[in-house]
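**Student:** Pasting the sequence and the predicted coordinates here, then a few questions.
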Amino acid sequence: MELEKLVNYESKEIVLQNLKDAGCTQEMLECILTHLNEDDMKEAFKLLEQHRNELLNALHESEKQIDCLDYLVYQIRRNNEHK
């Protein structure tokens with residue numbers, strides 16, 4: 001099946017841009033497209049899910065870092081109020 005019809009997009013370029021916007025590397029993009037073009041949906045979904053999980057893990061790590069900074073700011077402000 002044609003890639004555009006597979007995802008109901010107007011063109012292959014839009015699909016490619018979507019994958020790039022999602023942070024896919026060129027290598028990953030080519031691999032996903034190969035699986036999609038070969039109607040190997042299982043592997044394509046596996047790669048997409050793997051990338052999604054990597055993005056989600058990075059997000060959670062960033063949230064932890066923000067929490068650490070927020071706590072530090074809180075402690076500094078609290079200390080300054082007592083002076």
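**Tutor:** That came in fine, so what should we check first?

**Student:** Same question for the helix or strand where Gln17 lies: list its buried residues.
**Tutor:** Here Gln17 sits within helix 12-21, counting by DSSP states H and E. For helix 12-21, a neighbour-count test (16 or more other CB atoms under 10 Å) marks 15-16, 19 as buried. (C-beta placed from N, C-alpha, C; glycine too.)

**Student:** same question, stretch 66-74
**Tutor:** Result for stretch 66-74 [16+ other CB under 10 Å]: no buried residues.

**Student:** Now do that stretch, average pLDDT.
**Tutor:** Averaged over stretch 66-74, pLDDT sits at 97.

**Student:** so how far is it from its chain's centroid?
**Tutor:** 25 Å (CA atoms, centre = their mean, to the nearest Å).

**Student:** quick one: low-confidence ranges for the chain?
**Tutor:** The chain contains residues with pLDDT under 70 at 1-9.

**Student:** Pick out the residue closest to the middle of it.
**Tutor:** Compute the mean C-alpha point of the chain, and by CA atoms, centre = their mean the closest residue is Leu55, 3.9 Å away.

**Student:** Nearest residue to that residue in space, please, no chain neighbours.
**Tutor:** Excluding the flanking residues, the one nearest Leu55 by CB to CB, 6 or more residues apart in numbering is Gly23, at 6.4 Å.

**Student:** What strand or helix carries Leu29?
**Tutor:** Using DSSP H and E, Leu29 sits within helix 26-37.

**Student:** mind listing what's buried in that helix?
**Tutor:** Going by neighbour count (16+ other CB under 10 Å), the buried part of helix 26-37 is 28-29, 32-33, 35-36.

**Student:** Give me the helices and strands touching the longest helix that the chain contains, please.
**Tutor:** The longest helix of the chain (DSSP state H) is helix 41-81. The contact analysis (3 or more CB pairs under 8 Å, 6 or more residues apart in numbering; DSSP states H and E) places helix 41-81 against helix 26-37.

**Student:** Tell me which residues are up against the helix it packs on.
**Tutor:** Outside helix 26-37, the residues that touch it by CB atoms under 8 Å, 6 or more residues apart in numbering are 3, 6, 15-16, 19-20, 24, 41, 43-44, 47-48, 51.
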